[in-house]
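Student: Provide a 3D model corresponding to the input given below.
(one chain, ligands or ions: 2)
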Amino acid sequence: MSTSPETVSLLNKAAEYDHHNGPLQFAEQKQGDFWSIECIDLYKKFGSNRVMNGLSVGIPEGLITVVLGPSGTGKSVLLSHLIGLMFPDQGDILVHGQSVKNMSTAELLAMRRKFGILFQDGALFGSMNVYDNVAFPLRQHTNFNEKKIHDIVMSRLDEVGLANGAETRMPSELSGGMRKRAGFARALVLDPEIVMFDEPDSGLDPVRTALLCQLIQKVHAENGGTYIVITHDIASARRIAEYIAVLWKGQIVESGDRDEMFNSPNPFIRQFLKGDPSGPLGME
Ligand SMILES: Nc1ncnc2c1ncn2[C@@H]1O[C@H](COP(=O)(O)OP(=O)(O)OP(=O)(O)O)[C@@H](O)[C@H]1O
Ligand SMILES: [Mg+2]
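Tutor: Numbers count the residues shown, from 1 in each chain. Ligands and ions are numbered 1, 2, ... in the order given. Prediction:
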């Protein structure tokens, strides 16, 4: 599970290349107009392991952004920072213009409620069936009666193709793809403004990956909102990204909208996104 030497060399060259795009400096009328989330010069290390090293990136409001990086580059760590589960050693994160560093506990909890998250492993509760897993956030955070909860849960399960009897099954009885879809339904039940997916494609075969990507696009088109998809799979990025940020060695090497990225003046980024270096499948 290590990144191919060709990819490493390409990303190193991309990072050293002079003319790469940094995060765009949009003059916003009101903070949070354009950027749903802004990461500003983040540093983070665990012991001597420096994971973020001056990382800056903006996540545009209302689009599907893909954060692309090889395994172990700190994608999950970045995601934990966005929702205030981890805090940077230096730098700050603005969520809808509001500084996470300066939030009170109440503000932090309110901020986290804006997010729906599909964790890397699906993270379903093993002792609950699919229905109860998806109902859990509603029972935890709302006063809805069971009738209303039932309507919401079944409509979300229907949206992800699991309202056909799968709702009574236990997570251990589901395929990997079904578990991801159940996790997706659970991430959506509170109508989040921002939805994050940590490697939704990991552990799925190419066909199921393609189906899940289609599902993410369909649900985004229907519900709107800001989607952040974290992946090491270039093919998935190519399929669903409207905006792309490439993470390497603790920094964003380049970010921009999809077409800008595919036509980047940085030839190494262009080559990297075309998937030449490591074959069509990904970076592992
Ligand atoms: N809580 C933690 N304590 C110490 N080190 C951590 C912690 N979380 C992550 N790390 C380290 O940070 C680095 C980045 O980890 P992270 O899980 O963010 O990578 P990733 O890009 O998500 O990888 P993958 O593609 O395998 O999911 C790794 O070296 C990891 O060991
Ligand atoms: Mg990860």
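
Student: Give the other helices and strands that the lengthiest helix in the chain contacts.
Tutor: Longest helix in the chain, counting residues (DSSP state H): helix 206-223. Judged by 3 or more Cβ pairs under 8 Å, 6 or more residues apart in numbering; DSSP states H and E, the packing partners of helix 206-223 are strand 64-68, helix 176-188, strand 226-231, helix 234-240. Heads up, the C-betas are built off the backbone N, CA and C, glycines and all.

Student: could I get these as JSON lines with mean neighbour count?
Tutor: Shown next, in JSON lines, are those (neighbours: other Cβ atoms under 10 Å):
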{"stretch": "strand 64-68", "mean neighbour count": "27"}
{"stretch": "helix 176-188", "mean neighbour count": "24"}
{"stretch": "strand 226-231", "mean neighbour count": "25"}
{"stretch": "helix 234-240", "mean neighbour count": "22"}
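
Student: Including mean pLDDT, could those go into JSON lines?
Tutor: Output for the helices and strands packed on helix 206-223, formatted as JSON lines (pLDDT from 0 to 100):
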{"stretch": "strand 64-68", "mean pLDDT": "95"}
{"stretch": "helix 176-188", "mean pLDDT": "89"}
{"stretch": "strand 226-231", "mean pLDDT": "95"}
{"stretch": "helix 234-240", "mean pLDDT": "89"}
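
Student: mind checking which of those is nearest residue 256?
Tutor: strand 64-68 (10.6 Å; Cβ to Cβ).

Student: near ligand 1, anything from that closest one?
Tutor: No - using Cβ under 6 Å from any ligand atom, strand 64-68 never reaches ligand 1; the gap is at least 9.1 Å.

Student: Show me what the following helix or strand past that strand is packed up against.
Tutor: Downstream of strand 64-68, the first helix or strand assigned by DSSP states H and E is helix 75-82. Using 3+ Cβ pairs under 8 Å, 6+ apart, the elements in contact with helix 75-82 are strand 35-46, strand 49-60, strand 90-95, strand 194-198, strand 226-231.
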